[in-house]
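**Student:** I'd like to go over a predicted model; first the sequence, then the structure.
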Amino acid sequence: MHDSWDLLRTFFPPDLSPAYLAALIRPLLETLGLAFGAMTLAFLVSLPLGIAVGARLRGARLLVTGLSVFRAVPDLTLAILCVILFGIGTGAGLAALALYYTAAVAKVFADLLETAPERPVEALRATGASRIQIALYGLLPLTRDDLMSYGAFAFECALRASIIVGAVGGGGIGVELAGSLAAYDFQRASTLILLLVLLVAALDRVAAALRRHPRWLLPLVPLGLLAAGIYGPNFFAFGHAMRVAGDMVPPELGAQALASLPRLVWETVWMALAGTLGAAAAGLLAALAASRKLSPVWLRFAVRRLLELLRTVPELVWGLVLVALVGIGPAAGAWALGLHSFGSLGRLFADSLDAAPEQPQRAIAGTGASPIAVACFATVPLATGAILTHLLFRLEWNLRMATVLGLIGAGGIGQALYEAQQLFFYREAFAYVLVTAALVLVTDHLGARLRARIRLPRDMRSPPRPACNALAT
């Protein structure tokens, strides 16, 4: 334990020298350009996809399956594939972020659209409106704030995801942080983490302003497309990519790998479950303290800053610190996922509580009920649909992140996948990717059934108002 505290002390004080801060301007701009350009592309594609699923157009079920499979690919694997396709640099990073978040955001947008109150939707349907018209004039306006809130959270996640894509040559601050950690230059690493915290805090203010003035989003679209053009791929190594793809099929595992597969699966699932459920319990309590409706200003400010700090630090960085504290193994991975998820879920749950319909809460408060009673019998039940959506999505997210944490020795499928990638055992690596995808698909299916079983009547539900992330983020 003494050695662990000695290691933690090496992160302080951060390197705030003018020369180093000036050198960070370029990677900072790269990170903002990567996230802004990638998320603009992702939003432009994912919103129509989410509408198609939320409006239950023909082929929606097949589309959901495709989105689930695609976002099941570990972030690290997707970034490596993009480096193979587009070379080292910001082009690979932007492509990896855009591809992943198109699938992830489309799925969450679809879930958010399905939480719209039913009575206005039924009124539109009674007029003979088509499904597209119902989506455009009913579902979208009713969930506009929630879609924008989740968009801001996804942008935060993309900022943190730059750490992962940067670790394999995707550009941005991630390259600097990976280099600082590899060189044991922890003071500069803490400077980069502090910079990410400040970026997330600034983004939170910008997102709040955009929710009040949604028209400001329109001029941001061409700026995002410009960023995508500047930092996007400038060549495509199709022949090399096809050769690598050929080396990955058919997927196969040796006898020893097959024998250890159940243990690896259990370690991965245990990390995700332990981290997610622990974070959810703590996050709900923090959300009550962070809610703008339920807590005083001083408490809300303190809790939200704590949540910002926890979710800004990527899971991979938490894992590096925790491996030093608790040692190599799934326990370090579970704590890393839990700390990051606590920050993310606490913020998401708080925004969902804030978005709960006012009228039922006022009705209960009018009976003389205390604020605690109003929260327990009105605010929290009205936000249950949103809270469950965020919880299940975080579980899926953590299943993928558990594979990424294999980079730092957290065990599970991630460690086996990383070792196979490092040794160029592409068929074995592809087999582990398929196992991870299957786990996420099963989780997604079970989550959909669970939401259907406990879902409140739609006229009693609030559209969730999620704040990402992270990738982590």
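**Tutor:** Sure, I can see it. Treat the numbers as computed from the prediction; the structure is a model and nothing was measured.
**Student:** what residue ranges in the stretch 351-473 of the chain are flagged as low confidence?
**Tutor:** Along the stretch 351-473 of the chain, segments meeting pLDDT under 70 span 357-358, 361, 368-371, 377-378, 407, 444, 447-448, 451-473.
**Student:** What are the boundaries of the helices in it?
**Tutor:** For the stretch 351-473 of the chain, the helices defined by DSSP state H, counting those that start in this stretch cover 358-365, 371-374, 380-382, 384-404, 412-422, 426-454.
**Student:** Convert the first one to PDB, retaining C-alpha atoms only.
**Tutor:** In this case it means helix 358-365. Provided in PDB are the C-alpha atoms of helix 358-365 (Å, rounded to 0.1, in the frame of the first residue of the first chain):
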ATOM      1  CA  GLU A 358     -43.800  18.700 -13.500                       C
ATOM      2  CA  GLN A 359     -47.600  18.300 -13.100                       C
ATOM      3  CA  PRO A 360     -47.600  14.900 -11.300                       C
ATOM      4  CA  GLN A 361     -44.900  16.200  -8.900                       C
ATOM      5  CA  ARG A 362     -46.900  19.300  -8.200                       C
ATOM      6  CA  ALA A 363     -50.000  17.300  -7.500                       C
ATOM      7  CA  ILE A 364     -48.300  15.200  -4.900                       C
ATOM      8  CA  ALA A 365     -46.500  18.200  -3.400                       C
END
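**Student:** That one: how far from the chain's middle?
**Tutor:** The chain centre lies 33 Å from the centre of helix 358-365; the measure is C-alpha atoms, centre = their mean, to the nearest Å.
**Student:** swap in the fourth one?
**Tutor:** The chain centroid and the centroid of helix 384-404 are separated by 8 Å under C-alpha atoms, centre = their mean.
**Student:** Same check on the shortest one?
**Tutor:** Centroid displacement of helix 380-382 relative to its chain, using C-alpha atoms, centre = their mean, is 24 Å.
**Student:** What is it packed up against?
**Tutor:** Using 3 or more C-beta pairs under 8 Å, 6 or more residues apart in numbering; DSSP states H and E, no helix or strand is in contact with helix 380-382. (Glycine included, C-beta is placed from N, CA and C.)
**Student:** Point me to the helix or strand that includes residue 344.
**Tutor:** Using DSSP states H and E, residue 344 sits within helix 330-354.
**Student:** got the angle for that helix vs helix 384-404?
**Tutor:** Helix 330-354 runs at 160 degrees relative to helix 384-404, counting by axes from the mean of the first three to the mean of the last three C-alpha atoms, to 10 degrees.
**Student:** got TSV for the helices of the stretch 351-473 of the chain, with distance to residue 337 and mean neighbour count too?
**Tutor:** Shown next, in TSV, are the helices of the stretch 351-473 of the chain (distance: least, C-beta to C-beta, whole Å; neighbours: other C-beta atoms under 10 Å):
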stretch	distance to residue 337	mean neighbour count
helix 358-365	33	14
helix 371-374	30	14
helix 380-382	24	19
helix 384-404	5	25
helix 412-422	11	23
helix 426-454	14	17
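**Student:** Compare the ones you listed and give me the one nearest residue 92.
**Tutor:** Across the helices of the stretch 351-473 of the chain, residue 92 has its closest neighbour in helix 412-422 (15.4 Å, C-beta to C-beta).
**Student:** Identify all contacting residues around the closest one.
**Tutor:** By C-beta atoms under 8 Å, 6 or more residues apart in numbering, the residues outside helix 412-422 that reach it are 74, 76-77, 80, 257, 260, 264-265, 267-268, 271, 330, 333, 402-407, 409, 426, 428-429, 432-433, 435-436.
**Student:** Thanks a lot, catch you later.
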